[in-house]
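**Student:** Structure, please.
(one chain, ligands or ions: 2)
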Amino acid sequence: MIPKAELHVHAEGSFPPSLVAQLATKNNIAIPSHIFGPHETFVWKDFLDFLKTYDTASHVLQSGDDYYAIIYDYLMRSAKNGGIYCELMVSPDHARICGIPYEAMLDGCIRAIDQARKDSGIEGRLIITCVRHFDIDACIEVAKLAVKHPHPYVVGFGMGGDEVNFPNRQFSKPFQIAHEGGLQCTTHAGEMLGAESVWEAINYLPVKRIGHGVRAIEDANLIQTLIERDITLEVCPGSNIALQVYPDFASHPLRALYEAGVKMTLNSDDPPFFNTHLAHEYHLAEHTFGFQPKELIQFTRNAITSSFADAATKDMLLRKLDGYVH
Ligand code: ADE
Ligand code: ZN
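**Tutor:** Numbering: from 1, shown residues only. Ligands and ions are numbered 1, 2, ... in the order given. Predicted coordinates for the structure are as follows:
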């Protein structure tokens, strides 16, 4: 099994309907049944409805122990499918709306990473993530919380949410706070909007990576700039097709971005919402996009070298990858 690593998966979008239902029962929270589809999937219509459904499902989280449960579950499932490293985005706003204090959320995440490492060997890190459509003040507050509570596992700051109505250029303040506080940064861009949104991200925000960024392919100058600045794209092909960023895999620019020389990683984004998981993204890369096994290993190497983990952790992961004989 090829060792796999991912840099772009949302904790609140990572747990399947069976675990949503289990937590709903435990916490006595009513969840509308229409959000559940067959075979551990969710039902939603379009991007904004997806975000709403995601928020609804995440309401079952009621404690730091619940964060422990979903992150431990995710990391263990990933490890079973060859995952060796995972950077999880966690949203303090989602926790706050559910009444979970930041410290409790963080404590649950940290315990889950420790336990999953003990039980499977997988390594995990956290990206504290704000939600752009919850407004700029909420994003500033999230950045301040991330900086106020340093921990070796808290390695980054990120931003998700509605890219169309909340452009990247408006969010330099929270990113500046996070960056000055020692966190490495990434933002969603070039997913629902085109190259201009990626330009804004790299010109206004101190980002080393871009979540998605696939629509950068629409601008050759931008592609050159991404390469020159060594900015990595966290590409999530299954998510892009599910959210209709592209109508089908044949139209998806994964191969074109690769040929252009952009550094990329493979990621699952919100696996049960998009009927995917990381191993499936690797499978798609091989069987739909025609990448060779050695190129799949390079995607993993990219994820390790572009991760926000410390140098010793990266070395350990690279040694693990080098030890893989296929
Ligand atoms: N939050 C969770 N998944 C997201 C996505 N694909 N785009 C923007 N925000 C998100
Ligand atoms: Zn995402």
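
**Student:** alpha carbons only for contacts and neighbour counts from here, please
**Tutor:** OK.

**Student:** got the residues of this protein near ligand 1?
**Tutor:** Within the chain, the positions near ligand 1 by CA under 6 Å from any ligand atom are H10, G160, G161, D269, D270.

**Student:** mind redoing it with 8 Å?
**Tutor:** The chain comes close to ligand 1 at residues 9-10, 12-13, 47, 51, 54, 131, 159-163, 188, 191-192, 239-240, 243, 269-270, as judged by CA under 8 Å from any ligand atom.

**Student:** how about the helices in the stretch 151-300 of the chain?
**Tutor:** Remark: helices assigned in the stretch 151-300 of the chain by DSSP state H, counting those that start in this stretch are 172-180, 195-204, 220-228, 237-242, 254-260, 278-287, 293-305.

**Student:** Among the residues of the chain next to ligand 1, name the buried ones.
**Tutor:** Neighbour counting with 16 or more other CA atoms under 10 Å marks 9-10, 12-13, 47, 54, 131, 159-163, 188, 191-192, 239-240, 243, 269-270 as buried within these.

**Student:** In terms of pLDDT, where does H326 sit?
**Tutor:** pLDDT for H326: 72.

**Student:** Count the neighbours of it for me.
**Tutor:** By other CA atoms under 10 Å, 7 other residues sit near H326.

**Student:** Could you do T41 as well?
**Tutor:** Per other CA under 10 Å, the neighbour tally for T41 reads 18.

**Student:** wait, isn't it in contact with P17?
**Tutor:** Yes: counting by CA atoms under 8 Å, T41 touches P17, with 6.6 Å between them.

**Student:** what do those two both touch?
**Tutor:** Residues touching both T41 and P17 by CA atoms under 8 Å, 6 or more residues apart in numbering: P272.

**Student:** Show me the contact partners of stretch 58-78.
**Tutor:** For stretch 58-78, the surrounding residues in contact (CA under 8 Å, 6+ apart) are 11-15, 19-20, 23-24, 27, 29, 31, 83-84, 86, 94-95, 97-100, 104-113, 115-116, 119-120, 122, 124, 278.

**Student:** give me the residue from the stretch 1-150 of the chain nearest ligand 1.
**Tutor:** Of all residues in the stretch 1-150 of the chain, H10 sits closest to ligand 1, at 5.9 Å by CA to the nearest ligand atom.

**Student:** What distance do you get for that residue to E163?
**Tutor:** 16 Å (CA to CA, to the nearest Å).

**Student:** Show me the buried ones among the residues of the chain next to ligand 1 that map onto strands.
**Tutor:** Using DSSP state E, V9, H10, V131, M159, G160, H188 are the members of those that sit in strands.

**Student:** For those, could you give me JSON lines that also reports pLDDT?
**Tutor:** Shown next, in JSON lines, are those (pLDDT from 0 to 100):
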{"residue": "V9", "pLDDT": "98"}
{"residue": "H10", "pLDDT": "98"}
{"residue": "V131", "pLDDT": "98"}
{"residue": "M159", "pLDDT": "98"}
{"residue": "G160", "pLDDT": "97"}
{"residue": "H188", "pLDDT": "98"}
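
**Student:** And those, which two are furthest apart?
**Tutor:** Largest separation among these by CA to CA: V9 and V131, giving 14.3 Å.

**Student:** Show me the helices in the stretch 1-150 of the chain, by range?
**Tutor:** Counting by DSSP H, counting those that start in this stretch, the segments of the stretch 1-150 of the chain that form helices are 17-27, 47-58, 64-80, 92-97, 102-120, 136-148.

**Student:** returning to that earlier point: check the gap between the residue of the stretch 1-150 of the chain closest to ligand 1 and V147 for me.
**Tutor:** Using CA to CA, H10 is found at 20 Å from V147.

**Student:** Burial check on E196, number of neighbours?
**Tutor:** E196 has 17 neighbouring residues, counting by other CA under 10 Å.

**Student:** Find the nearest non-adjacent residue to it, please.
**Tutor:** In this structure, E196 finds its nearest non-sequential neighbour in G190, 7.8 Å apart by CA to CA, 6 or more residues apart in numbering.

**Student:** I'd like the distance between that neighbour and K52.
**Tutor:** From G190 to K52 the distance is 21 Å (CA to CA).

**Student:** Counting neighbours, go ahead and name the busier of those two.
**Tutor:** More crowded of G190 and K52, by other CA under 10 Å: G190, with 27 against 13.

**Student:** For burial, what's the neighbour tally of D73?
**Tutor:** With other CA under 10 Å as criterion, D73 counts 17.

**Student:** give the contact list for the closest residue to A216 other than its chain neighbours.
**Tutor:** Spatially, and ignoring its direct neighbours in sequence, A216 is nearest to A195 (4.6 Å; CA to CA, 6+ apart). For A195, the contacting residues are G213, R215, A216, I217, E218, D219, L222, by CA under 8 Å, 6+ apart.
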